[in-house]
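Q: Sequence and predicted structure, then a few things I'm wondering about:
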Amino acid sequence: MGNATGRGQQQQRRQQQQQQQRRQQQQQQPQQEAAAATTAAAATTTAATAAASNSTNSSNSNSSKQQHQQQQHQRQQQQHQRQQQQQHQQQQQQQQQQQQQQQQQQQQQQQQQGVSFRPAHAK
């Protein structure tokens, strides 16, 4: 009897583990999509600023200072977006580490229970 209940609890634990993994994957998906969206937005804004700087350049060739300022602003935007992406990646790595920790904890619990569920008459 003792072994049977032990097996039942191990199965329950495996199911819980799978559910947790599914939940974490679902949490990660929107973050990845958000990161992709920010990159797409970054690409469009850079293209727009480049087009704007080209048009100002052709209309008044004297304003080389203005163009230089716009280019600097563009570079800053790109750097800021790269930083955002890196932050997203770091968050995802942290979540993965948490998953691994949970798995380790559950494995330890299973081992401990394996010892405690011996029938009493085995002593």
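A: Received, thanks. Residues are numbered from 1 along each chain as shown.
Q: so what secondary structure elements neighbour whatever helix or strand Gln95 lives in?
A: Per DSSP states H and E, Gln95 falls inside helix 64-116. Contact here means 3 or more C-beta pairs under 8 Å, 6 or more residues apart in numbering; DSSP states H and E; on that basis helix 64-116 packs against helix 2-59. All C-beta atoms are positioned from the backbone trio N, CA, C, and that covers glycine.
Q: which intervals of this structure have sub-threshold pLDDT?
A: 1-6, 25-32, 35, 42-43, 46-68, 110-123 (pLDDT under 70).
Q: Check the spacing between Gln106 and Gln17 real quick.
A: Distance of Gln106 to Gln17, given as C-beta to C-beta, to the nearest Å: 5 Å.
Q: Measure how buried Gln91 is and give me the count.
A: By other C-beta atoms under 10 Å, the residues close to Gln91 number 14.
Q: now it: how far from Gln19?
A: The value you get for Gln91 to Gln19, if C-beta to C-beta is used, is 21 Å.
Q: before we move on, what about Gln104?
A: Look at Gln104 and Gln19: by C-beta to C-beta, they are 17 Å apart.
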